[in-house]
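**Q** build the 3D model from these lines:
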Amino acid sequence: MWLPPRGMTSCRGHCSGEEQHGVIHGLKGNAPSEKAETLSTPTENSSPEGVGRTTKYRSISSSDSRDTTGLAIVSADEDVLLVRPKLRGKIHLGLLLLSPVWVVLMLSACKSVVSIIAAVVSCLSFLANFTASAILHSGIWGPQWRSLVVKLDHAGIFVVISSCTTPIPMLLLDFWPSVLLLSVQGMATLYGFWIILFGDLSSGARQRRAFTYIAIGLLHAVFLKAYISVLTAKEIALVLSLAGFYIVGALVYGSRWPDPCPTHFGFHELFHLFCCFSFLLTLWLNYEVITRAELEAQTTGVSQPSNS
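**A** The predicted structure is shown next:
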């Protein structure tokens, strides 16, 4: 019979509700120290087959309703401790704190009202996502608030998927293709909000949520022909690269693997890292698109003959 490491109790058989899942008492901070990566658990009361058995760590999901104390908890199979990594939420928090830099950088490329609107929509989508993510992952939330904060975080992902590349349709596509693409993006965002806030997607299977994100993102592929006709080779490469990072990140999110360093940098941090790479590529893409569109508009205006 497996027993928790000395100094910790699992509450098994003594607690009710969430505590019966095995909240571990005696752990300080968000996660065990690096020295406690694996713990030998022989005790005087343990059975012979339990002697020498080691405790393994796995990073807990941010939407796990049991993560209400920041302490480690015993998983259902009782030989794995679920812990919150020390870097949980720090990537998105850092991007949020750096937002004045990248927002100003993006707006500095804008000269027309249309480009300003396109840049603002894209920047606001990222700000909404980073804010919701930082709030969820940087705090310890009780059951009353956790459901709402988790839903806002999941809804923010739909906003980014649908709106992050708004400068492409607004500045490069013709009127009707632009209207069609923006309408599809808007409906995808509303659909995402609906199934997150009023459906069971936020509390349902993680894999289904991950593949829903991928499916919504792949709606952009319907307009691939239009993209190719207006984007340069570099911009097409940026679109494919940022999409690839998002897809790989969603697969990591859905499978909870790999989980490289559960006490510090787990699967969710790896997911956020891929999202960060995609965010940086999106900034680069939008800056390229806005700069080129403004230059072409200026060149066209100069080349037009005067009517006077």
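**Q** over to Thr55. Which of the three states is it?
**A** Using DSSP: H, G, I helix; E, B strand; the rest coil, the structure places Thr55 in strand.
**Q** hang on, it packs against Pro262?
**A** No: in this structure Thr55 lies outside contact range of Pro262 using C-beta atoms under 8 Å: 11.5 Å. Every residue, glycine included, has its C-beta placed from N, CA and C.
**Q** helix or strand for Gly217, which one?
**A** helix 206-217 (DSSP states H and E).
**Q** which other residues reach the helix or strand just after that helix?
**A** Counting by DSSP H and E, the next helix or strand C-terminal to helix 206-217 is helix 224-230. Contact partners of helix 224-230, identified using C-beta atoms under 8 Å, 6 or more residues apart in numbering, comprise 168, 172-173, 177, 181, 220, 236, 239.
**Q** may I ask which of those has the most neighbours?
**A** Ile168 (26 neighbours; other C-beta atoms under 10 Å).
**Q** leaving out sequence neighbours, find the closest residue to that one.
**A** Using C-beta to C-beta, 6 or more residues apart in numbering and skipping residues adjacent in sequence, the residue nearest Ile168 is Val289, 5.8 Å away.
**Q** count the neighbours of the one you found for me.
**A** Val289 has 26 neighbours, counted by other C-beta under 10 Å.
**Q** how about the contacts made by it?
**A** 167-168, 171-172, 231, 235.
**Q** just the ones of those residues in helices?
**A** 167-168, 171, 235 (DSSP state H).
**Q** Leu285: which of those residues is nearest?
**A** Glu235 (6.0 Å; C-beta to C-beta).
**Q** can you confirm Leu201 is in a strand?
**A** No: when three-state DSSP is applied, Leu201 is found to be coil, with no strand at that position.
**Q** for it, give me the backbone phi and psi.
**A** phi -70, psi -30 (degrees, to the nearest 10).
**Q** can you get me a residue count around the residue nearest to it when sequence neighbours are not counted?
**A** Once flanking residues are discounted, Leu201 sits nearest to Ile195: 4.4 Å by C-beta to C-beta, 6+ apart. Neighbours of Ile195 under the rule other C-beta under 10 Å: 18.
**Q** what about Ile195, distance to Asp153?
**A** Here Ile195 is placed at a distance of 14 Å from Asp153 (C-beta to C-beta, to the nearest Å).
**Q** on that earlier part again, buried residues in the helix holding Gly217, which are they?
**A** Neighbour-count burial for helix 206-217 flags 209-210, 212-214, 216-217 (criterion: 16 or more other C-beta atoms under 10 Å).
**Q** repeat that for stretch 148-167.
**A** 149-167.
**Q** quick one: the strands in the stretch 51-200 of the chain?
**A** Along the stretch 51-200 of the chain, counting by DSSP state E, counting those that start in this stretch, strands occupy 54-59, 73-74, 80-83.
**Q** and those strands: which comes nearest Met187?
**A** strand 54-59 (34.7 Å).
**Q** dump the closest one to PDB, keeping only the CA atoms.
**A** Listed next in PDB are the C-alpha coordinates belonging to strand 54-59 (Å, rounded to 0.1, in the frame of the first residue of the first chain):
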ATOM      1  CA  THR A  54       9.000   6.700  -5.500                       C
ATOM      2  CA  THR A  55       6.600   9.600  -5.700                       C
ATOM      3  CA  LYS A  56       6.400  11.200  -9.100                       C
ATOM      4  CA  TYR A  57       5.200  14.700  -9.900                       C
ATOM      5  CA  ARG A  58       2.900  15.900 -12.600                       C
ATOM      6  CA  SER A  59       1.800  19.500 -13.200                       C
END
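**Q** tell me how far it lies from the chain's centre.
**A** Centroid separation between strand 54-59 and its chain, computed with C-alpha atoms, centre = their mean, to the nearest Å, is 24 Å.
**Q** who does it pair up with?
**A** According to DSSP bridges, strand 54-59 has the following sheet partners: strand 39-40 (antiparallel), strand 80-83 (parallel).
**Q** run through this structure and note the low-pLDDT ranges.
**A** Within the chain, the segments meeting pLDDT under 70 span 1-54, 65-78, 301-308.
**Q** how does it divide into domains?
**A** Per automatic domain parsing, the domain ranges recorded for the chain read 17-83, 90-301.
**Q** distance from the chain centre to the last one, please.
**A** Looking back up the chat, that one is domain 90-301. The answer for domain 90-301 is 9 Å, by C-alpha atoms, centre = their mean.
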